[in-house]
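[1] Need a 3D model of the following:
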Amino acid sequence: MRKTVSAPEVKKPARAALTGGVAVDDQVFLSGQMAYNPDVDGIPADMDAAAQTRVIMDNIGHLLAAEGLDFGDIVRVTIFLTDLGDLRAMNEVYSSYVKEPYPARSTVGVAFLAIPNGRVEIEALAIRP
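    This is a model prediction of the structure:
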């Protein structure tokens, strides 16, 4: 059975064909999350990678909770950074949310992200226990 994953706390651009994620049986695929702020219809230009990561991880937590899950249920994460120099700052925030055994993870440097001023995007796969 397939269903859309959403949480009222997680905001996304209204004009985009996006979902918070999709749950299929015991797997919950969370779409790439960014620090979108509807008040500015984007990401504030002065928001650094650590602040963006905090918003993203909070959003992931809300989406997981909507499915009765938590960070311990995540098995795979992909992180996209527009500046690999932000890796340390992102990782300090990220590691305050996930605990050992850590999810499998890839971190990828990209030229840009879909929302202007985006420095970080994180997608995740969680498995129901």
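
[2] can you pull out the helices in this structure?
    49-66, 87-94 (DSSP state H).

[3] Among those helices, which comes closest to Ala124?
    helix 49-66 (6.0 Å; Cβ to Cβ). In short, each C-beta sits where N, CA and C put it, glycine included.

[4] tell me how far the closest one is from the chain's mean position?
    Computed by Cα atoms, centre = their mean, to the nearest Å, the chain-centroid distance of helix 49-66 equals 6 Å.

[5] cool, and stretch 83-102?
    The chain centre lies 12 Å from the centre of stretch 83-102; the measure is Cα atoms, centre = their mean.

[6] How about stretch 47-63?
    7 Å.

[7] Can you list the buried residues in that stretch?
    47, 49-57, 59-63 (16 or more other Cβ atoms under 10 Å).

[8] Dump the least confident helix or strand in the chain by mean pLDDT to PDB, restricted to CA.
    For the chain, counting by mean pLDDT, DSSP states H and E, strand 2-5 ranks last in confidence among helices and strands (a mean of 86). Taking C-alpha atoms only, strand 2-5 is exported to PDB below (Å, rounded to 0.1, in the frame of the first residue of the first chain):
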ATOM      1  CA  ARG A   2       1.300   3.400  -0.900                       C
ATOM      2  CA  LYS A   3       0.500   6.700   0.800                       C
ATOM      3  CA  THR A   4       1.800  10.300   1.000                       C
ATOM      4  CA  VAL A   5       3.700  11.300   4.000                       C
END
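
[9] just checking, what packs against it?
    strand 21-24 (3 or more Cβ pairs under 8 Å, 6 or more residues apart in numbering; DSSP states H and E).

[10] Let's see that with 10 Å instead.
    strand 21-24, strand 27-33, helix 49-66 (3 or more Cβ pairs under 10 Å, 6 or more residues apart in numbering; DSSP states H and E).

[11] count of neighbours near Gly42?
    A count of neighbours around Gly42, defined by other Cβ atoms under 10 Å, yields 17.

[12] Would you agree it is in contact with Ala16?
    No: the pair Gly42 and Ala16 fails to qualify as a contact (Cβ atoms under 10 Å) at a distance of 11.7 Å.
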